[in-house]
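>>> heads up, no residue letters with this:
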C-alpha cells in the first residue's frame, strides 16, 4: 500500500459542502476527482519502470551508434582503398603512354 494515493472522498465532500456546494455537487466533484487521481497519477513503480525502459533504450542506442560508426569506418576504408587503387592504375596507364 506504499504506492497507493489516499484520497478521502468523505472529507472532500464535507469540505465542499462547508464551502457552499450542495451535497449532490460535492459528490459529483468528488467522484470526478477520484477518477482523475486513479487514472492519471504515476506511482513510484511506474516511474521506476519508465526509468528502466529509458536506460535500456539509451544502452541500445549507444550500441547501435557504435555499430554504425564501425560500419562507416569500414565502408570509408574500402572506398578510400578503391580510389587509391584506381589512382595507381591510372598513373600506371599514364606512365605507359608516356
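Perfect, I can see it now. Predicted model, so just to flag it, every value in this text is computed and none were measured.
>>> going by C-alpha atoms from here, please, whenever you check contacts or count neighbours.
Will do.
>>> and the one helix or strand residue 61 maps to, how far out from the chain's middle?
Residue 61 belongs to helix 44-97 when elements are defined using DSSP states H and E. Put simply, helix 44-97 sits 24 Å off its chain's centre (Cα atoms, centre = their mean, to the nearest Å).
>>> swap in stretch 13-29?
In terms of Cα atoms, centre = their mean, the centre of stretch 13-29 is found 41 Å from the chain centre.
>>> check stretch 6-18 too.
Using Cα atoms, centre = their mean, the mean C-alpha position of stretch 6-18 is found 38 Å from that of the whole chain.
>>> okay, buried residues for that stretch please.
Across stretch 6-18, burial judged by 16 or more other Cα atoms under 10 Å covers 9, 12, 13, 14, 16, 17.
>>> if I look at residue 38, how far off is residue 9?
To residue 9, residue 38 is 13 Å away according to Cα to Cα, to the nearest Å.
>>> common neighbours of the two, please.
Shared contacts of residue 38 and residue 9, defined by Cα atoms under 8 Å, 6 or more residues apart in numbering, are absent.
>>> shaky segments in the protein?
Scanning the chain for pLDDT under 70 picks out the ranges 1-5.
>>> now with 90?
Residues of the chain meeting the criterion pLDDT under 90: 1-7, 33-44, 46, 97-98.
>>> residue contacts, the residue nearest the centre of the chain?
Most central in the chain under Cα atoms, centre = their mean is residue 54, positioned 5.5 Å from the mean C-alpha point. Contacts here follow Cα under 8 Å, 6+ apart; on that basis residue 54 touches nothing.
>>> next, give phi and psi for residue 42.
phi -90, psi 140 (degrees, to the nearest 10).
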